[in-house]
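Student: what follows is a predicted structure for the sequence shown.
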Amino acid sequence: MKRILLAVCAIFTTLALTAQEAAPAEAEAPKAEWNKGITTTIGFSQLSLMQWAAGGAGQLTLNTYADLYANLTKGKILWANELQAGYGFIESFETGFKKSDDRLIFDSKFGYKAAEKFYLSAVYNFRTQFAPGYSGDDLVSDFFAPAYTSLGLGIDYTPAKNVAINFAPLTGKVTMVKPEELRPRYGNAEDQFARFELGAQLKVDAKLEVQDFKVGTSLVLFSDYLNKPQNIKVNWDVNAEAKITKFFSVTLRTNMIYDDNVLVPKLRKGTKDEYYDGKGIQFKELFSIGFSYTFGEKKK
């Protein structure tokens, strides 16, 4: 641990010395530039059947997603903030209500330019979900069950305009679970509301935009110094959108998670519907066609 902390201090010191420049005596104060806006997407479908010979079930589906952003640049200072909120459900007239998407994610990054393409940075993240989630009749998630928050100190590197690589060798992460009965499912003891981890985090953000098509991806890797650092935790998001008209678009969102502290439902080998709780990869994909509009400035 001492070697890691010494390495971090050495990196920060080197970049700080590299950044020293002689400022003009009467230089004007840099102006603050904001980039703010909201992108919203709403998709809806409805199916109704009456005396339908081929069978089936009527249903309603709704998917909503909002991306709020406020980014500040002022001289050597960069401050980027993003709030993602998404919720979707399927209301089947035979099997009842089930949610299909549920996310609440806040990201904030503060950086100070230390050298060309390098920033000294602090990165904060919080994520949870809005509503209860079920596996069959069993409650498996809820608001603040779980909730994750993390703060990392490190270096941000931007090799290209639409690519950012953040390495935070000093990152604290907290996993919070409100209901006692759900805590073991997410790695906490039954009497442990919050579990602390200290480790290193690598985050890669990239985006591509060509005319009416854009795609963005965010990959987060985390290693816990205090408990099995070789077991890397993975969280990978991909958001793609293609404009059909000014107000309608096709969207595809995927999320892949691997965390060896989290138990997931796994199908027992040799069976069709027998599940047990075990460790494994989580994957979610959401495809929708619907209304999409951006209020404010286009996201940079």
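Tutor: In hand now; what should we look at? Residues are numbered from 1 along each chain as shown.
Student: how close does E297 get to F110?
Tutor: Separation of E297 from F110 (C-beta to C-beta, to the nearest Å) stands at 20 Å. Glycine gets a C-beta too; all of them are placed from N, C-alpha and C.
Student: which one's more surrounded, the two?
Tutor: Neighbour totals were compared for E297 and F110, and F110 leads with 17 against 13 (other C-beta atoms under 10 Å).
Student: L151 is in contact with the more buried one, correct?
Tutor: No. Using C-beta atoms under 8 Å as the test, F110 is too far from L151 to be in contact (10.7 Å).
Student: what residues are shared contacts of those two?
Tutor: Applying C-beta atoms under 8 Å, 6 or more residues apart in numbering, one finds that F110 and L151 are jointly contacted by A122.
Student: which stretches of the stretch 51-200 of the chain form strands?
Tutor: Counting by DSSP state E, counting those that start in this stretch, one finds strands in the stretch 51-200 of the chain at the ranges 59-74, 77-92, 96-115, 118-128, 133-135, 138-141, 147-160, 163-176, 194-210.
Student: low-scoring stretches of the protein, by residue?
Tutor: 1-27 (pLDDT under 70).
Student: give the contact list for the most centrally placed residue in the chain.
Tutor: Note on the chain: the residue nearest the mean C-alpha position is I105, at 5.8 Å, using C-alpha atoms, centre = their mean. If you count contacts by C-beta under 8 Å, 6+ apart, I105 has them with E82, L83, Q84, A85, N125, F126, R127.
Student: got these as TSV, with neighbour count columns?
Tutor: Formatted as TSV, the contacts of I105 follow (neighbours: other C-beta atoms under 10 Å):
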residue	neighbour count
E82	16
L83	16
Q84	19
A85	16
N125	20
F126	16
R127	16
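Student: turn those into CSV, including distance to I38.
Tutor: CSV is the format used below for the contacts of I105 (distance: C-beta to C-beta, whole Å):
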residue, distance to I38
E82, 11
L83, 9
Q84, 11
A85, 10
N125, 20
F126, 19
R127, 19
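Student: secondary structure element holding the residue nearest to D260 when sequence neighbours are not counted?
Tutor: In space, and not counting its chain neighbours, D260 is closest to N231: 4.8 Å by C-beta to C-beta, 6 or more residues apart in numbering. Under the criterion of DSSP states H and E, N231 resides outside all helices and strands.
Student: contact partners for N231?
Tutor: S223, D224, D260.
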